[in-house]
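>>> Attaching a predicted model along with its sequence, questions to come.
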Amino acid sequence: MTHSFVVRIPDAALEPEPLDPAQIVSGDPQVTGKVVWESADGRQLRGIWQITPGVVTDTEADEMFVVISGSATIEVEGGATLDVGPGDLAVLRAGDRTTWTVHETLRKAYAISL
């Protein structure tokens, strides 16, 4: 996309993004998302991501995100525990090993650097 645009995040249609079963700690979390912009070299992504309740693990990229709806607790191995909800901005560092406990379906807008 080469022009400026706007996306209404709460209403955006998202596509399934199946989790690796090895990431699921408990529950039956379902992930959906949509990349709304990607740099020519594929190293910068902007998008929307959603996950339903459950507990999952991940290894993060450099990411900044804003929670639009829902809530979660993100435990960073060897670091902070982040409680996030609507309006919160969070930053995760590349290589952070995290455990996400999603309390209410969480939708976020993100900017990732790979």
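Structure received. Residues are numbered from 1 along each chain as shown.
>>> what are the bridge partners for L106, then?
I51 (DSSP bridges).
>>> And the strands in the chain?
With DSSP state E as the criterion, the chain has strands at 15-16, 24-27, 31-38, 44-51, 54-59, 62-76, 81-84, 89-92, 97-113.
>>> Compare those strands and give me the one nearest F5.
Nearest to F5 among the strands of the chain is strand 31-38; the distance by C-beta to C-beta comes to 7.6 Å. The way it works is simple: take the backbone N, C-alpha and C, and place the C-beta from them, glycine included.
>>> List the buried residues for the closest one?
Using 16 or more other C-beta atoms under 10 Å as the test for burial, strand 31-38 gives V31, T32, G33, V36.
>>> Next, count neighbours for the closest residue to the second one other than its chain neighbours.
Just to be clear, that refers to T32. Counting by C-beta to C-beta, 6 or more residues apart in numbering, L14 is the residue found nearest to T32 once chain neighbours are left out, at 3.6 Å. For L14, the neighbour count with other C-beta atoms under 10 Å is 14.
>>> can you check W100 too?
There are 20 residues near W100, going by other C-beta under 10 Å.
>>> V56 is in contact with that one, correct?
Yes - between W100 and V56 a contact is recorded at 5.1 Å, counting by C-beta atoms under 8 Å.
>>> measure W49 to M64 for me?
W49 sits 13 Å away from M64, taking C-beta to C-beta, to the nearest Å as the criterion.
>>> quick one: which of the two has more around it?
W49 (20 against 13).
>>> If the nearest residue in space to that one that is not next to it in sequence is in a bridge, with which residues?
Spatial nearest neighbour of W49, chain neighbours left out: G33 (4.3 Å); criterion: C-beta to C-beta, 6+ apart. Here G33 sits in beta bridges with E15, W49, going by DSSP bridges.
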